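Peer 1: Make a model of this:
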Amino acid sequence: FDITFWNDRSGSSYGQLKAMGIGCEAVFCHVEHASHKSESTLKSVGAKIVRVNGGVSAMRDALTRYYVEEAA
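Peer 2: This is a model prediction of the structure:
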């Protein structure tokens, strides 16, 4: 896996997010933390968005589910 994190509160730009959306197989978004602007940015480049409700364990479960189903 090549997992990259993006956070608009850490000084990362929406241009960086757009580039990530173009280059990634899938983008996993924490629903509680993703802004409408970030989701719109990803949608504008056709990124495959996987929405995750919950904390770190929910993210882990979503990643596992996604890659196990893709490998099957």
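Peer 1: Run through who's touching stretch 48-67.
Peer 2: 1, 24-32, 34, 39, 42-43 (CB atoms under 8 Å, 6 or more residues apart in numbering). (Each C-beta comes from the backbone N, C-alpha and C, glycine too.)
Peer 1: what's the first-to-last distance across that stretch?
Peer 2: One end of stretch 48-67 sits 14 Å from the other (CA to CA, to the nearest Å).
Peer 1: low-scoring stretches of this structure, by residue?
Peer 2: For the chain, the stretches with pLDDT under 70 are 71-72.
Peer 1: all strands of it, in order?
Peer 2: Applying DSSP state E to the chain gives strands spanning 27-30, 49-52.
Peer 1: right, so those strands: which one is the most enclosed?
Peer 2: strand 27-30 (a mean of 18; mean count of other CB atoms under 10 Å).
Peer 1: Tell me which strands that one pairs with, and in which orientation.
Peer 2: strand 49-52 (parallel) (DSSP bridges).
Peer 1: to the chain's geometric centre, what's the distance from the strand it pairs with?
Peer 2: From the chain centre to the centre of strand 49-52 is a distance of 6 Å (CA atoms, centre = their mean, to the nearest Å).
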